[in-house]
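Chemist: no sequence for this one, just the structure:
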């Protein structure tokens, strides 16, 4: 098991490096407006993925081991494929009408907008379904190779198209879609070789004609509603900013927030790849006490790790931006500070929401996301009409995130009387005390070697702190 975690960890470190290199190359090759277009398309794609596909995907994660044991996993994947295709086509139609009547994505041609969105949704969904399924089924080497290959091929294809033809968001995304398609096909082929399940098209067709949706709907409908408000909170600001503040400002704030999001997502993915297979396996039991213990253990490790990372990003943001993006986006460092806390609120809220997944009480997460999403969207709109929008727009995102976090905490406590250890959080804050010293290092000329040195020193300290937190919590030494 330790060897498997080492493989996953090494692969994730490589993926982080590829993703960060991709951000540097994209901001170097694309203009501010094209970067704005890139993030706008991703926001539109995220709407359909989060609202219509992610809730069903979570249900499939919850049932994956059971279906595999029954020999029906590929049959359910085949049924899901029909749904994914319908959502992708509906997204293309919706965006065509939105472009025509409301000017959504006016910087991109209607045909390109519709094709990119539909293709990214379809192949992105299958890439994020098949490859993580391999991890859930303990095929960690193939999971690591395929997930790393997706990023590497996507970056190579995007850079090649941007250099050979034109540095545009359309071609950059086209390169990534090609990689999503290729590696999804490879993951499916590997899955067919490894598992004993055989697709039964008669069974699949019977399920499609007379679907038994009560279990899916009970689990997924509340998540669908919640996902809409989650998108409203985390993604809708891009549409508002594009309309009222323009693509150049959208490119700048999206890059700054994107750096924090990329670092947080990298850490979140690494931790989830290690803990979530065990967590979902442990909660697959009728014993409520065991489910509570599984959540307490998982959250007690994950939240302090994210807190330490958040403080690190906050105080090292200037050096991170200087290293990770082109010089023309250097002023986006202030958005990275805000973004670090947006991401901490988002990740912690997600961890709390897994209580509802464990107890199959997903209706309980709707109100926190609803109130938080509405507050955030309204706050961003009002902030965009102010002369101080540079600071007020990201501040509205942070405040909205913490409102959602507070409401989620209250809601989940009514579902499960979980215990959140305070000791690891105190230790994380104590370990973070040296990070403000990074502010003493001035680098006005934007020297890359200086930023690398500072990040290496403080990063090594942060990694040691993460390891200490992990060991202390696993040893049971921090409970208070």
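Modeler: Received, thanks. These figures come from a predicted structure and were not determined experimentally.
Chemist: In contact with the closest residue to residue 162 other than its chain neighbours, which residues are there?
Modeler: If the residues on either side of it in the chain are set aside, residue 162 comes closest to residue 29, at 4.8 Å by C-beta to C-beta, 6 or more residues apart in numbering. Placement of C-beta: from N, CA and C, glycine included. Applying C-beta atoms under 8 Å, 6 or more residues apart in numbering, one finds that residue 29 lies in contact with 159, 162, 163, 167, 172.
Chemist: which SS class is the second one?
Modeler: So that's residue 162. Using DSSP: H, G, I helix; E, B strand; the rest coil as the criterion, the local structure at residue 162 reads helix.
Chemist: for the fourth one, same thing?
Modeler: Assigned by three-state DSSP, the conformation of residue 167 is coil.
Chemist: surely it meets residue 31?
Modeler: Yes - using C-beta atoms under 8 Å, residue 167 is in contact with residue 31, at 7.2 Å.
Chemist: Let me know the average pLDDT across stretch 18-33.
Modeler: Averaging pLDDT along stretch 18-33 yields 91.
Chemist: for it, which positions count as buried?
Modeler: The neighbour-count criterion (16 or more other C-beta atoms under 10 Å) identifies 18-20, 22-23, 25-27, 29-33 as the buried residues of stretch 18-33.
Chemist: out of those residues, which one sits closest to residue 446?
Modeler: Top of the list for closeness to residue 446, among those and by C-beta to C-beta, is residue 27 at 13.7 Å.
Chemist: surely the closest one meets residue 326?
Modeler: Yes - the pair residue 27 / residue 326 is scored as a contact, 4.2 Å apart, by C-beta under 8 Å.
Chemist: In this structure, what helix or strand scores lowest on average pLDDT?
Modeler: Of all the helices and strands that make up the chain, the one with the lowest confidence by mean pLDDT, DSSP states H and E is helix 201-209; it has a mean of 71.
Chemist: I'd like the next helix or strand past that helix.
Modeler: The helix or strand immediately downstream of helix 201-209 is helix 214-234, counting by DSSP states H and E.
Chemist: Tell me how far the residue nearest to residue 162 lies from residue 23.
Modeler: When distance is defined by C-beta to C-beta, to the nearest Å, residue 29 is 11 Å away from residue 23.
Chemist: how distant is the strand or helix carrying residue 449 from the center of its chain?
Modeler: Under the assignment given by DSSP H and E, the secondary-structure element containing residue 449 is helix 448-474. Relative to its chain's centre, helix 448-474 lies at 22 Å (C-alpha atoms, centre = their mean, to the nearest Å).
Chemist: Pull out the buried positions in it.
Modeler: Applying a neighbour-count criterion of 16+ other C-beta under 10 Å, the buried positions in helix 448-474 are 450, 451, 454, 455, 458, 462, 465, 466, 469, 470, 472, 473.
Chemist: helices or strands up against that helix?
Modeler: Packing contacts for helix 448-474, counted by 3 or more C-beta pairs under 8 Å, 6 or more residues apart in numbering; DSSP states H and E, involve helix 288-315, helix 317-324, helix 423-431.
Chemist: Apply 10 Å and report the result again.
Modeler: helix 237-282, helix 288-315, helix 317-324, helix 423-431 (3 or more C-beta pairs under 10 Å, 6 or more residues apart in numbering; DSSP states H and E).
Chemist: export those to CSV and tack on mean neighbour count, mean pLDDT and distance to residue 350?
Modeler: Written out in CSV, the entries for the helices and strands packed on helix 448-474 read as follows (neighbours: other C-beta atoms under 10 Å; pLDDT from 0 to 100; distance: least, C-beta to C-beta, whole Å):
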stretch, mean neighbour count, mean pLDDT, distance to residue 350
helix 237-282, 21, 85, 8
helix 288-315, 20, 87, 10
helix 317-324, 23, 93, 23
helix 423-431, 18, 91, 17
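Chemist: how about TSV for those helices, with distance to residue 440 added?
Modeler: Listed next are these as TSV, based on distance: least, C-beta to C-beta, whole Å:
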stretch	distance to residue 440
helix 237-282	22
helix 288-315	10
helix 317-324	12
helix 423-431	19
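Chemist: now for the ones you listed, which one comes closest to residue 338?
Modeler: For residue 338, the closest of the helices and strands packed on helix 448-474 is helix 237-282, at 7.1 Å, according to C-beta to C-beta.
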